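fold the stuff below for me.
(2 chains)
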Amino acid sequence: MENQDKKRELIIGAALKRFAHFGLAKTTMNEIASDLSLSKPLLYYYFPDKISLFAAVMDSIIKQIDKEMDIALAKQPDGQKAIIFYLDKRQEFVRKYFNLIEFVISSGPELPENLLQVFKQARNSEIHRIQTIIEKGVKSGDFAVKDPAFTAEILLDALAGMRMNHFAPSRNFYPDKSQFETILKKEKQLAAIFLKGLK
Amino acid sequence: MGIFFIYIFDSLIKKVKRSKGKMVEADKKREMILEGAIKRFSHFGINKTSMAEIAEDLSVSKPALYYYFPDKQSLILAVADKVSSEYLDNVEKNFFEHSNQEEALMNLIEIRRNFFQKYFMLHMEEDYSDAYLRDKAFIRLLQAKKEREVNILADSFRRGVADGEIRDIDTVRTSELLIDTLRGLRSCMRTEKVIFPDSSSFEEVLNKQKEVTRIFLHGIKKYSDGRTDIK
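Numbering: from 1, shown residues only, chains lettered A, B, ... in the order given. Purely as a prediction, here's the structure:
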């Protein structure tokens, strides 16, 4: 059993390398098996199809990001700074794993069920993260928010909508540096207005 | 009569000008396609890139793309020609700027590293099994490029001989030997299976190449004055 878990981890690690560079469509189960010097039937024993392997990879990196993010955010003193820190850190991960996310963006609502599950979870943990930041601000008296969970959701959706608009018109398969820099600036500005208002 | 000739002459000039303008436009478009293809190729590799994707990246219709490059192989060839010409221009510039042999060679090794790291996914090396590498025109292109590199290096050796910095050697043969040695060291890197080598393995090759090149220049025999190190 332990050995099986180890092997599963090994496969997820190798698949992550492939998916992160080539994306889902351009990666084959064959290549992953050959990277690990594994027979195809053995690979299929662990993951019956490519999507389920992809879902496992996404799940694993999202968990890892969550962990890193929460540890780092706990050290941030106030809500204002924490939000900015969160946006910076978030983009760092997005840039690193862009080819993984790209597939998800382009397939939209037709996402397979097991992947949908992974992303719902990711969304919830992101809402929860912003909520924690807002609550911190409420506690210190910086913010006055009645329903931190709902406010967090609004902020998340506003950021997501802006991102979508920003990246949609470009046809680059990988957005360039300046595109990332501009959107980060916009995100921070939006967050600042959101938190402080325009008064 | 005279006016008539002037008219003909004038319209001729206009025609030439017009076709020239079109040429420039076509060259630009071709260049743009090459740039787009290089972007895709160097990230996803040649085998995993389709003509349709390149067309889409550039918002060019597929027929327009096929007008410039009738098949993928011809695009690959043009890309290989472009990137290797850029590399060789750098190499030429390097030998022009560094007259000291050792300095120039150390710098050459770094230029090589940068090139092979940047365009690793093109697999323009000998020990890959991609189908496009077996294309005759592609092989001929690589041979021609290698010849040019050997000649650039040989020219530099010749200047070194003239300056009295190196012995009177067969410059072309020596330069080919050195380039083959550098290539050999690079292919030694692929002992284990890696999808893409990280920068540390490029660094490792670089250091080995520099070391061998120093030995190549100085030998490993003891110095008569008792020094043992290669500087």
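
tell me which stretches of chain B form helices.
Here chain B has its helices, by DSSP state H, at B:2-44, B:51-58, B:62-68, B:72-97, B:101-118, B:136-162, B:171-188, B:199-218.

quick check on the closest residue in space to residue B:159 that isn't next to it in sequence: phi, psi?
The spatially closest residue to residue B:159, leaving aside those adjacent along the chain, is residue B:99, at 6.9 Å (CB to CB, 6 or more residues apart in numbering or on different chains). (C-beta placed from N, C-alpha, C; glycine too.) When read as degrees, to the nearest 10, the backbone of residue B:99 gives phi -90, psi -20.

pretty sure residue B:99 is touching residue B:163, no?
Yes - using CB atoms under 8 Å, residue B:99 is in contact with residue B:163, at 7.4 Å.

tabulate the helices of chain B (CSV), appending mean neighbour count.
Shown next, in CSV, are the helices of chain B (neighbours: other CB atoms under 10 Å in any protein chain shown):
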stretch, mean neighbour count
helix B:2-44, 13
helix B:51-58, 17
helix B:62-68, 14
helix B:72-97, 17
helix B:101-118, 18
helix B:136-162, 16
helix B:171-188, 16
helix B:199-218, 15
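
what residues are up against the spatially most central residue of chain A?
Most central in chain A under CA atoms, centre = their mean is residue A:62, positioned 5.9 Å from the mean C-alpha point. Taking CB atoms under 8 Å, 6 or more residues apart in numbering or on different chains, we find residue A:62 in contact with A:118, A:121-122, A:125.

repeat that for residue B:169.
Contacts here follow CB under 8 Å, 6+ apart; on that basis residue B:169 touches B:157, B:161.

gap between it and residue B:216?
According to CB to CB, to the nearest Å, residue B:169 stands 11 Å off from residue B:216.

ditto for residue A:32
As judged by CB to CB, residue A:32 and residue B:216 stand 42 Å apart.

next one: residue B:201 from chain A, what distance?
Per CB to the nearest CB, to the nearest Å, residue B:201 is found 15 Å from chain A.

averaged over its residues, what pLDDT does stretch B:183-197 have?
Averaging pLDDT along stretch B:183-197 yields 73.

ugh, typo on my part, it should be stretch A:122-133
On average, stretch A:122-133 scores 91.

what's in contact with that stretch?
Stretch A:122-133 is contacted from outside by A:58, A:62, A:66, A:69-70, A:73, A:76, A:79, A:82-83, A:86, A:148-149, A:151-153, A:155-156, using CB under 8 Å, 6+ apart.

pLDDT below threshold where in chain A?
The model of chain A has pLDDT under 70 over residues A:1, A:103-109, A:169-173, A:198-199.

that older thread, mean pLDDT for the helices of chain B: which is lowest?
Note on the helices of chain B: lowest mean pLDDT is at helix B:2-44, with a mean of 77.

domain assignment for chain B?
According to automatic domain parsing, chain B comprises the domains B:1-70, B:72-231.

wait, which of these is closest to residue A:46?
Residue A:46 sits nearest to domain B:72-231 of all the domains of chain B, at 19.5 Å, using CB to CB.

centre of the chain to the closest one, how far?
Relative to the centre of its chain, domain B:72-231 is centred 10 Å away, using CA atoms, centre = their mean, to the nearest Å.

skipping adjacent residues, who's closest to residue 82 in space?
No chain in the question, so chain A it is. Per CB to CB, 6+ apart, closest to residue A:82 is residue A:76, 3.9 Å.

nope, chain B
Leaving aside its chain neighbours, residue B:82 sits nearest to residue B:34 (5.5 Å; criterion: CB to CB, 6+ apart).

hmm, residue B:76 and that neighbour touching each other?
No - the criterion here is CB under 8 Å, and residue B:34 misses it with residue B:76 at 10.7 Å.

so what's the residue count around the closest residue to chain A within chain B?
Nearest residue of chain B to chain A, counting by CB to the nearest CB: residue B:48, 4.7 Å away. When neighbours are counted by other CB atoms under 10 Å in any protein chain shown, residue B:48 registers 18.

sec struct for the residue nearest to it when sequence neighbours are not counted, please.
Excluding the flanking residues, the one nearest residue B:48 by CB to CB, 6+ apart is residue A:26, at 4.7 Å. Following DSSP: H, G, I helix; E, B strand; the rest coil, residue A:26 is assigned to coil.

thought residue A:26 was touching residue B:47?
No - using CB under 8 Å, residue A:26 is not in contact with residue B:47, being 9.5 Å away.

more crowded one of those two?
Between residue A:26 and residue B:47, residue A:26 has the larger neighbour count (other CB under 10 Å), namely 20 against 14.

among the contacts of stretch A:122-133, the buried ones, what's the PyMOL command?
Only the buried entries of those go into this PyMOL selection, using 16 or more other CB atoms under 10 Å in any protein chain shown:
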select buried, chain A and resi 58+62+66+69+73+76+79+82+83+86+148+151+152+153+155+156
